[in-house]
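> What follows is a predicted protein model with its sequence.
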Amino acid sequence: MNDDKVIGIIGGMGPEATASLFTKIIKGTKVEKDQDHHRVVIDSNPKIPDRTAAILGRGQSPVSAIVAGGKNLEKIGANLLLLPCITSHYFIEEIQSHLSVPVINAIEELYKYIVNNNPNVSKIGVLATSGTIKSGLFNKYLLNIEVLTPDDEAQEKQVMEAIYGKNGIKSGNTGKEPSQLLQKTAENLIDSGADLIIAGCTEIGLALKQEQISKPLIDPIDCIFYNGIIK
């Protein structure tokens with residue numbers, strides 16, 4: 001029997017990543033019957049301004065819209081909040097300052113997971129949005145681990161194309177084209193010495209699968225479950 005935790009998902013960033021997180025909560029919870037599952041409340045607002053554009057100074061801050069979603073979830077009774085968008089973690093301290101219940105930091109959970117399960121890892125490769133890469137978000141939390149990222153050309157023509165392109169993941173395509181672009185970039189990072197590949201944008205894991213690359217692929221969101229925050 002699970003505890004009375006009410007999980008709130010500040011969703012819509014993007015909608016498919018939100019649905020994926022909800023599915024992971026269902027699959028990652030040990031149950032014997034429906035009533036053993038956690039109560040999950042989702043505020044899926046795809047109108048939240050683009051996080052990458054905001055980080056790069058090209059668009060409106062998403063903070064107020066994210067906080068509004070968090071407050072809605074607090075009113076309903078959520079006592080734990082999750083952000084399915086990794087890029088939005090750039091703003092997590094500001095978001096948390098406006099909310100009274102904890103917002104779980106998936107990148108902090110990733111670091112704990114690596115330290116506890118892969119202590120000999122010295123280099124990781126990160127596939128993420130340009131906003132996340134340029135902000136140094138993973139460098140901030142992954143202490144004493146070298147963060148490898150694609151060169152500028154691969155970042156734009158492969159990673160960002162796979163996520164935002166005409167046939168990209170945010171257009172509803174998780175098939176061959178974005179998958180191959182991400183696979184190529186991941187293997188280049190592995191060739192550069194990466195011991196692990198991090199799906200540093202929630203959309204990455206929708207198209208790139210473990211069997212496609214030669215080193216472990218870790219989604220920071222999954223570390224919430226690995227570390228027992230939700231069980």
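The structure has been received and is ready for your questions. Residues are numbered from 1 along each chain as shown.
> Give the residue spans of this structure that score low on pLDDT.
1-3 (pLDDT under 70).
> Show me the domain layout of it.
Listed domain ranges for the chain are 7-105, 106-223 (source: the TED database).
> got these as a markdown table, with distance to residue 231 columns?
C-beta: built from backbone N, CA, C; applies to glycine. Below are these laid out as a markdown table (distance: least, C-beta to C-beta, whole Å):
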| stretch | distance to residue 231 |
| --- | --- |
| domain 7-105 | 6 |
| domain 106-223 | 13 |
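> Tell me the buried residues in the longest helix that the chain contains?
When the chain is parsed with DSSP state H, its longest helix is helix 176-191. For helix 176-191, burial by neighbour count (16 or more other C-beta atoms under 10 Å) applies to 177, 178, 179, 181, 182, 183, 185, 186, 187, 188, 189, 190.
> Same list, these, but as TSV with distance to residue 167 please.
Formatted as TSV, the buried residues of helix 176-191 follow (distance: C-beta to C-beta, whole Å):
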residue	distance to residue 167
177	5
178	7
179	11
181	10
182	13
183	15
185	16
186	19
187	21
188	21
189	23
190	25
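> And those, which is closest to residue 87?
Each of the buried residues of helix 176-191 was checked against residue 87 using C-beta to C-beta; the closest is residue 182, at 15.9 Å.
> Tell me who's in contact with residue 100.
residue 74 (C-beta atoms under 8 Å, 6 or more residues apart in numbering).
> Apply 10 Å and report the result again.
70, 71, 74, 79 (C-beta atoms under 10 Å, 6 or more residues apart in numbering).
> Equivalent analysis for residue 22, please.
So residue 22 contacts 7, 9, 11, 40, 42, 44, 82, 84 (C-beta under 10 Å, 6+ apart).
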